[in-house]
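Q: Sequence plus the predicted model coming up.
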Amino acid sequence: MPGGQARHEWLTAQPYAHRGLHGADTAENSLAAFRAAIAHGHGIECDVRLSRDGVAHIFHDRRLERLTGSSGSFAALTAQDIAALRLPGGDEVVPPLSALLALAPETPLLIEIKSDAGPLSCARLCAAVGHDLAGHAGPAAIMSFDPVAVHWFARHRPAIARGLVVSRRHRTGLVARQGAALAIARAKPHFIACDVRDLPTACALPRRLGVPLLCWTVRTPRDRARAARVDKPIFESMA
């Protein structure tokens, strides 16, 4: 496992708002949702995808329909195309990662790498995120379901905190073929983020490895009770 855990103590300082603090009047992964999270003193979790011309943007879905009303693949669009899209509510744009970094210079950030567009695109996305984070002095970490993406940062940007996202319900790629232990060995994560539904069983391996454990996504009182076992939750509702 990687050393220097003390450098990343901020990872467990506060809970994280899943895609920002969003709701009926505030779109997920929008600057408005991120401002709300900052105002309430929370960390921020977000998702990143790559535009066709190589710019990291904050967007969860592989396709455009649910969040923009347009159709097609996010990866087919240039940064200029993406700037013309609007999130639910009509005024919020799809922000580039650089906009969040400028907005939140001191807020803890968890940046999830969406690597489902293939290995070449994954490497390009990792490089774009690494480039943006190179000029960011605040607390920020990447994480991904894909241990290949996390390993990219271990190899090319080792100073950036990195986490492996795990779930019994979303086992794909190397995690499905090799199991979580080998995926962790390849990714060399500084922390693990598990599915809240996998608690308390999911606590065993991170505790044995001595790395922090986060969990996603806390939405209900039952989730909140389960999340009491981890270091910090990634939440949509703490009520």
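A: Yes, it's here. Source: prediction; values computed, not measured.
Q: Now do the same contact list for the spatially most central residue of the chain.
A: Geometric centre of the chain, nearest residue: Glu112, 2.3 Å, by C-alpha atoms, centre = their mean. The neighbours of Glu112, taking C-beta atoms under 8 Å, 6 or more residues apart in numbering as the test, are Glu45, Cys46, Asp47, Val48, Ile142, Met143, Ser144, Val165. (Each C-beta comes from the backbone N, C-alpha and C, glycine too.)
Q: Tell me the confidence at it?
A: Listed pLDDT for Glu112 reads 98.
Q: That one: what secondary structure?
A: strand (DSSP: H, G, I helix; E, B strand; the rest coil).
Q: now swap in His60 and tell me
A: The local conformation at His60, judged by three-state DSSP, is coil.
Q: Tell me how far it lies from Arg35.
A: 18 Å (C-beta to C-beta, to the nearest Å).
Q: same check, this time on Thr107
A: The separation that Thr107 has from Arg35, given C-beta to C-beta, amounts to 10 Å.
Q: ok now do the closest residue to Arg226 other than its chain neighbours, which residues does it touch?
A: Of all residues not flanking Arg226 in the chain, Leu199 sits nearest, at 4.3 Å (C-beta to C-beta, 6 or more residues apart in numbering). Leu199 makes contact with Cys215, Arg226, Ala227, Arg229, Val230 under the criterion C-beta under 8 Å, 6+ apart.
Q: Would you agree the last one falls within a strand?
A: Right, Val230. No - secondary structure of Val230 (three-state DSSP): coil, not part of a strand.
Q: tally of neighbours for it?
A: The number of residues packed near Val230 is 24, by other C-beta atoms under 10 Å.
Q: What is the longest helix of the protein by residue count?
A: Counting residues, the longest helix in the chain under DSSP state H turns out to be helix 119-134.
Q: mean confidence score for it?
A: Taken as a whole, helix 119-134 has a mean pLDDT of 94.
Q: Which secondary structure elements does the helix or strand just after that helix sit against?
A: Tracing the chain C-terminally past helix 119-134 and defining elements by DSSP states H and E, one meets strand 140-144 next. Counting by 3 or more C-beta pairs under 8 Å, 6 or more residues apart in numbering; DSSP states H and E, the packing neighbours recorded for strand 140-144 are strand 109-113, helix 119-134, helix 147-156, strand 161-166, strand 191-195.
Q: again, only this time at 6 Å
A: If you count contacts as 3 or more C-beta pairs under 6 Å, 6 or more residues apart in numbering; DSSP states H and E, strand 140-144 packs onto strand 109-113, strand 161-166.
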